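Student: Sequence plus the predicted model coming up.
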Amino acid sequence: MSKIVIANFKMNKTEQETKDYLINFLSRYEGYKANLILAVPFTSLPIAKFMLHGRDISIAGQNICEDEKGYTGEISGQMLVDAGASYVIVGHSERRVKFKEDNKVINKKIKNGLKNGLSIILCVGESLADKNTMKTLVSLKSQIEEALKGLYENELENIVIAYEPVWAIGSGKTPSSKDVEMAVKSIRKVVSDDFSSKAGEQIRIVYGGSINPKNISKFSNIDGLNGILVGTASLDGNIFMQIINSMT
Ligand code: 13P
């Protein structure tokens, strides 16, 4: 199975900047065999949809409202699909911390996304305090269990779990390959205990947090890890291409 490579542009790039990025990126991307997903800002979804038409590259939204309609400033699953997304990121730590999204609301967002036919990139990860008090695995377990509560096992096909230690995001710090391997194993165990051993084996898991071309070799060959989620280093198409090349 080809590795999953996800770019999260976060709150970066106007429509024109996304267009320029894709013109440059697509002229050199031909032929690579990564399972590529680009999470662009809402305002860039339509241009990404237009430019990626007919290509084997998926588009993701970066958030979804837990409800179908009704709230100022929110975006619905139907709107995301209409604008070209087939994935959506849910539970990113930036949203958990700044916008106070808890596991309950994350669970609702996941269900709403799935109902609208979107696949979900579910972000989980321990805080620095969790890490320092040896609570990484406890924290991952509760985030995953609460986020996936009430889902049918067959819905897990449409979920990618992104292991993103909060302290590694945008900090230049990364966990050791051994620590990522251990986190991946425990994520699989939680899914296996809550659903089935087959589900635990099959759930797709990626790592994210301060990935760059210099440290990518650390994450390209970890047992049980299906890919990566790249923030800052995806914003420059040339740098992102170097990372993709190291994964495929
Ligand atoms: P950085 O790669 O900038 O650390 O961001 C990771 C991230 O949050 C991706 O969702």
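Tutor: Here it is on my side, so go on. Keep in mind the model is a prediction, meaning the values are calculated, not measured.
Student: got a list of what the closest residue to residue 124 other than its chain neighbours touches?
Tutor: Nearest residue to residue 124, sequence neighbours excluded (C-beta to C-beta, 6 or more residues apart in numbering): residue 143, at 4.2 Å. All C-beta spots, glycine's among them, are computed from the backbone N, C-alpha and C. For residue 143, the contact set (C-beta atoms under 8 Å, 6 or more residues apart in numbering) comprises 91, 103, 124-125.
Student: hmm, which two among those are most spread apart?
Tutor: 103 and 125 (13.0 Å; C-beta to C-beta).
Student: tell me the secondary structure for residue 89?
Tutor: Secondary structure, DSSP: H, G, I helix; E, B strand; the rest coil: residue 89 is strand.
Student: If I look at the residue in the chain that the ligand sits nearest to, what pLDDT would I see?
Tutor: Closest approach of the chain to the ligand (C-beta to the nearest ligand atom) occurs at residue 231, with a separation of 2.2 Å. We have a pLDDT of 98 for residue 231.
Student: do you know how far it is from residue 122?
Tutor: For residue 231, the distance to residue 122 (C-beta to C-beta, to the nearest Å) stands at 16 Å.
Student: can you list the residues of this protein near the ligand?
Tutor: By the rule C-beta under 6 Å from any ligand atom, the part of the chain lying against the ligand is 8, 92, 164, 169-170, 208-211, 229-233.
Student: Weed out the non-buried ones from the residues you listed.
Tutor: Buried members of these, counted by 16 or more other C-beta atoms under 10 Å: 8, 92, 164, 169, 208-211, 229-233.
Student: Can you lay out those residues as JSON lines showing secondary structure?
Tutor: Shown next, in JSON lines, are those (three-state DSSP):
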{"residue": "8", "secondary structure": "strand"}
{"residue": "92", "secondary structure": "coil"}
{"residue": "164", "secondary structure": "coil"}
{"residue": "169", "secondary structure": "coil"}
{"residue": "208", "secondary structure": "strand"}
{"residue": "209", "secondary structure": "coil"}
{"residue": "210", "secondary structure": "coil"}
{"residue": "211", "secondary structure": "coil"}
{"residue": "229", "secondary structure": "strand"}
{"residue": "230", "secondary structure": "strand"}
{"residue": "231", "secondary structure": "coil"}
{"residue": "232", "secondary structure": "helix"}
{"residue": "233", "secondary structure": "helix"}
